[in-house]
Structure formats: structure tokens, C-alpha cells
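# need coordinates for the following:
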Amino acid sequence: MNSELKELFEIKQEDKGKEKKTGKITDQNVKKHIATRLAVFILGTICFVIAIIEGKGGWEEVAFLILMAIFHAIWLLFIIIEAVVLHSKKKLALRDTNLIFILVLVLTYCISGIFLFGFA
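Predicted coordinates for the structure are as follows:
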């Protein structure tokens, strides 16, 4: 009877090991993932806005606007690459989070472009 209990216990341990290896949503912390990406994006934007406000005038603000656009483009590229990597690692919840984040960023850029450059 003791050997039967050991066999049952070993089967339960194998099942627990398989759950950890499959990469289910439980080991993908979506809230932390979103918070990290938003924090970098918002802090970068705030720093550039402060630099633009503190600018001496003239071309300095334009240069900071161009640098901020480059920062946003590189950040968007990073998120796209990360989504591809997460897809290959079968972390679908985090990949979907990145895809939603990409969609929101692109919509924000389009709306900003409309307001900056007109409806033409």
C-alpha cells in the first residue's frame, strides 16, 4: 500500500511540472508588462516635454520635437519586435497586450498627425 501511495504522489508531481512548462497565462504577469511599457513611454514623453518647455526658443524646440519623434519610433519598433519574440515563445497573453499597445500608439500618432498637419 505504501508503494501505491508513492506512485500516486509521483504522478501528481509530474502533472505540476507539466503545468509550469506549458507557459500558461498564470505565469505571464500582464499587469506588470503593461505598467513597465507605459512607464517608459510616459517618462520619456514627460522628459521631452519638459525639455521643450525649458528651451531657449527657435530651433531648439524643433530639435527636441524631432528627438521625441525618434524616441517614439524606436519605442514602437521595440514593442513590435518584442511582440514577434513573445509570439515565438508562445506567450500569447503578453503578445496580445503588445499588439493592443501598438494599436493604441498608432491611433494616437494618427490623431496627433491630423491635429498637427491638418485634415489634408
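
# from now on I want contacts and neighbour counts done on CA atoms only, so please keep to that.
OK.

# could you pull out the helices for this structure?
Under the criterion DSSP state H, the chain contains helices at 2-21, 30-53, 59-88, 92-117.

# who does the second one touch, helix- and strand-wise?
To tie it back to what came earlier, the one meant is helix 30-53. Of the remaining helices and strands, those touching helix 30-53 by 3 or more C-alpha pairs under 8 Å, 6 or more residues apart in numbering; DSSP states H and E are helix 59-88, helix 92-117.

# rewinding a little: can I get the helices of the chain in JSON lines including mean neighbour count and mean pLDDT?
Written out in JSON lines, the entries for these read as follows (neighbours: other C-alpha atoms under 10 Å; pLDDT from 0 to 100):
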{"stretch": "helix 2-21", "mean neighbour count": "10", "mean pLDDT": "58"}
{"stretch": "helix 30-53", "mean neighbour count": "13", "mean pLDDT": "89"}
{"stretch": "helix 59-88", "mean neighbour count": "15", "mean pLDDT": "91"}
{"stretch": "helix 92-117", "mean neighbour count": "14", "mean pLDDT": "90"}
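
# how about a markdown table for the helices and strands packed on helix 30-53, with distance to residue 50 added?
Written out in a markdown table, the entries for the helices and strands packed on helix 30-53 read as follows (distance: least, C-alpha to C-alpha, whole Å):
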| stretch | distance to residue 50 |
| --- | --- |
| helix 59-88 | 10 |
| helix 92-117 | 19 |
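
# nearest to residue 32, of those helices?
Each of the helices and strands packed on helix 30-53 was scored for nearness to residue 32 using C-alpha to C-alpha, and the closest is helix 92-117 (10.1 Å).

# relative to the whole chain's centre, how far out is the closest one?
11 Å (C-alpha atoms, centre = their mean, to the nearest Å).

# and the angle for that helix with helix 59-88?
What separates the directions of helix 92-117 and helix 59-88 is an angle of 160 degrees, with axes from the mean of the first three to the mean of the last three C-alpha atoms, to 10 degrees.

# report the angle between helix 92-117 and helix 30-53.
Note on geometry: by the same axes, to 10 degrees, helix 92-117 and helix 30-53 are set 20 degrees apart in direction.
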